[in-house]
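Trainee: just to be clear, the model below is a prediction. Sequence and coordinates:
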Amino acid sequence: MNIKSLILGSAAALVAAPAMAADLPVAEPVDYVKVCDAYGAGYHFIPGTDTCLKIGGYVRAEAKFNERFARADDKFSIWARGVVTVTAKEETELGTLVSYIELEGATDQGAGRYVAIDKAWLSLGGMYAGYITSASVVDHVGGMYLGDFDLGDQTVGAIGYNADLGNGVSAHFAIENEIVEGASAVVGGIEAGQSMPAFAARIKVDQAWGSASLGGVVRQINYTNAAIDSDLGWAIAAGITGKFDALTAALNAVYADGALGYTEWVGGVDALSGTVNDAWSVSGMLKYAFADNAYGLIAAGYGEYDGAAGTDYEEWQITAEVGYTPVKNFSVKAAVLYKDQDGAKTTDSWEGKIRLQRDF
């Protein structure tokens with residue numbers, strides 16, 4: 001190779017080098033996950049979008065002690081539950097667009113294992129639709145126990161609207177899949193199929209002193225016996241919670257006539273004979289915060305079920321509970337419940353729980 005060839009070859013290589021470099025792949029700039037502070041802590045932008053996402057939930061382990069009435073009953077059991085929630089929010093010209101899903105899985109020595117969608121709904125502005133807590137829900141009483149005396153603590157398919165009326169006042173109303181009373185086969189089986197939705201509503205006031213709410217639901221009773229005209233069942237409840245420094249007091253009252261499925265009472269309709277049953281209850285709670293991370297509460301409730309001949313009974317419950325949060329997002333709770341039923345159901349029993357829960 002002479003000097004002339006070497007010089008010409010080097011020049012050609014220098015000319016070709018930029019063209020070859022242009023053909024090499026260029027790394028795209030990294031789109032890092034960014035914090036979204038528009039909706040509170042825990043939200044992050046989904047990369048490349050205006051949607052803010054939050055993942056939360058809890059893991060719970062619980063030991064339960066209870067009386068057994070047959071040798072096959074478990075007197076002691078340990079179970080666990082895991083819940084994962086996913087919330088997505090985004091601002092639009094029609095208001096905040098929200099979607100929410102709650103997945104729950106649990107294992108119970110008596111009930112076995114399951115995984116389920118506990119809630120799944122979307123909303124735009126005040127409108128919402130999906131599988132969500134009934135619009136008739138009112139303030140709750142009783143910590144881990146006394147759910148028997150609540151109204152509306154049920155999840156249903158619904159389309160509704162939440163209206164913010166200002167000054168802490170809100171109104172909520174919806175059409176919902178009705179909750180069928182589900183009487184046993186002995187008294188006539190379940191009702192006929194749904195032919196109209198239930199109508200549920202609630203008005204609530206939230207203030208510095210606490211909150212108060214009034215809720216109700218009306219549903220069609222579609223009897224299995226076609227010779228009996230359809231009827232209306234209804235339920236109404238009121239709840240109030242007051243905050244007095246370290247003390248919280250709550251009171252809740254419920255009456256249901258043919259809509260006992262919205263409560264925890266058993267029975268409500270004989271789908272063959274057209275018999276509609278009713279029930280009422282009242283419950284109260286006192287909760288005291290010993291410190292920012294420790295509390296104790298005591299709650300009690302009384303109710304009566306008025307059913308077909310020979311099925312009436314009355315029931316009262318009392319519960320005590322303590323809770324402690326030793327570190328952030330980890331709580332320890334213990335509670336005991338005593339229940340007494342007199343009438344067609346005559347039993348008295350006690351139950352205790354110890355619960356460990358990690359929230360995230």
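Mentor: Yep, that arrived.
Trainee: what values do phi and psi take at residue 261?
Mentor: Phi and psi for residue 261, reported as degrees, to the nearest 10, are phi -60, psi -20.
Trainee: quick check: closest non-adjacent residue to the residue nearest the centre of the chain.
Mentor: With distances taken as Cα atoms, centre = their mean, the residue of the chain nearest its centroid is residue 133 (6.1 Å). Counting by Cβ to Cβ, 6 or more residues apart in numbering, residue 133 lies nearest to residue 155, which is 5.7 Å off, once chain neighbours are set aside. C-beta coordinates here come from the backbone N, C-alpha and C atoms, glycine included.
Trainee: thought that neighbour was touching residue 131?
Mentor: Yes. Here residue 155 lies in contact with residue 131, judged by Cβ atoms under 8 Å, at a distance of 6.1 Å.
Trainee: list residues touching both of those two?
Mentor: residue 119 (Cβ atoms under 8 Å, 6 or more residues apart in numbering).
Trainee: who touches the residue nearest to residue 133 in this structure?
Mentor: Counting by Cβ under 8 Å, 6+ apart, the residues that residue 155 touches are 118, 119, 131, 132, 133, 134.
Trainee: need the strands for the stretch 1-150 of the chain, in chain order.
Mentor: Remark: strands assigned in the stretch 1-150 of the chain by DSSP state E, counting those that start in this stretch are 44-45, 52-66, 76-92, 95-108, 112-124, 127-133.
Trainee: quick one: stretch 255-271 to chain centroid distance?
Mentor: How far stretch 255-271 lies from its chain's middle: 20 Å, per Cα atoms, centre = their mean, to the nearest Å.
Trainee: likewise for stretch 282-293?
Mentor: With Cα atoms, centre = their mean, you get 21 Å for stretch 282-293.
Trainee: what lies in contact with it?
Mentor: Residues outside stretch 282-293 that contact it (Cβ under 8 Å, 6+ apart) are 141-143, 146, 149, 246-254, 295-303, 317, 324-326.
Trainee: still on that earlier bit, dump the contacts of residue 155 to CSV, plus pLDDT.
Mentor: Conversion of those to CSV gives the following (pLDDT from 0 to 100):
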residue, pLDDT
118, 92
119, 96
131, 97
132, 95
133, 92
134, 93
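Trainee: possible to save these as TSV with distance to residue 58?
Mentor: Output for the contacts of residue 155, formatted as TSV (distance: Cβ to Cβ, whole Å):
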residue	distance to residue 58
118	12
119	14
131	20
132	19
133	17
134	23
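Trainee: drop anything exposed from the residues you listed.
Mentor: 119, 131, 132, 134 (16 or more other Cβ atoms under 10 Å).
Trainee: out of those, flag the one nearest to residue 263.
Mentor: Distance to residue 263, by Cβ to Cβ, is smallest for residue 134 among the buried ones among the contacts of residue 155, at 11.1 Å.
Trainee: how near is that closest one to residue 261?
Mentor: As judged by Cβ to Cβ, to the nearest Å, residue 134 and residue 261 stand 10 Å apart.
Trainee: which neighbours do the two share?
Mentor: Taking Cβ under 8 Å, 6+ apart as the criterion, residue 134 and residue 261 both touch 154, 179.
Trainee: so what's residue 103 bridging to?
Mentor: Beta-bridge partners for residue 103, by DSSP bridges, are residue 84, residue 117.
Trainee: how close does residue 51 sit to residue 36?
Mentor: Relative to residue 36, residue 51 is positioned 9 Å away (Cβ to Cβ).
Trainee: so what sits against both of the two?
Mentor: residue 45.
Trainee: doesn't residue 310 belong to a strand?
Mentor: No. Per DSSP: H, G, I helix; E, B strand; the rest coil, residue 310 lies outside any strand segment and is coil.
Trainee: test my guess that it contacts residue 344.
Mentor: Yes. Using Cβ under 8 Å, residue 310 is in contact with residue 344, at 5.9 Å.
Trainee: re the thing from before, can you say which of the strands of the stretch 1-150 of the chain is nearest to residue 357?
Mentor: Residue 357 lies closest, by Cβ to Cβ, to one member of the strands of the stretch 1-150 of the chain: strand 52-66, at 4.5 Å.
Trainee: same for the closest one, what does it pack against?
Mentor: strand 44-45, strand 76-92, strand 347-359 (3 or more Cβ pairs under 8 Å, 6 or more residues apart in numbering; DSSP states H and E).
Trainee: switch the ones you listed over to JSON lines; also include distance to residue 193 and mean pLDDT.
Mentor: Shown next, in JSON lines, are the helices and strands packed on strand 52-66 (distance: least, Cβ to Cβ, whole Å; pLDDT from 0 to 100):
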{"stretch": "strand 44-45", "distance to residue 193": "45", "mean pLDDT": "96"}
{"stretch": "strand 76-92", "distance to residue 193": "32", "mean pLDDT": "95"}
{"stretch": "strand 347-359", "distance to residue 193": "35", "mean pLDDT": "94"}
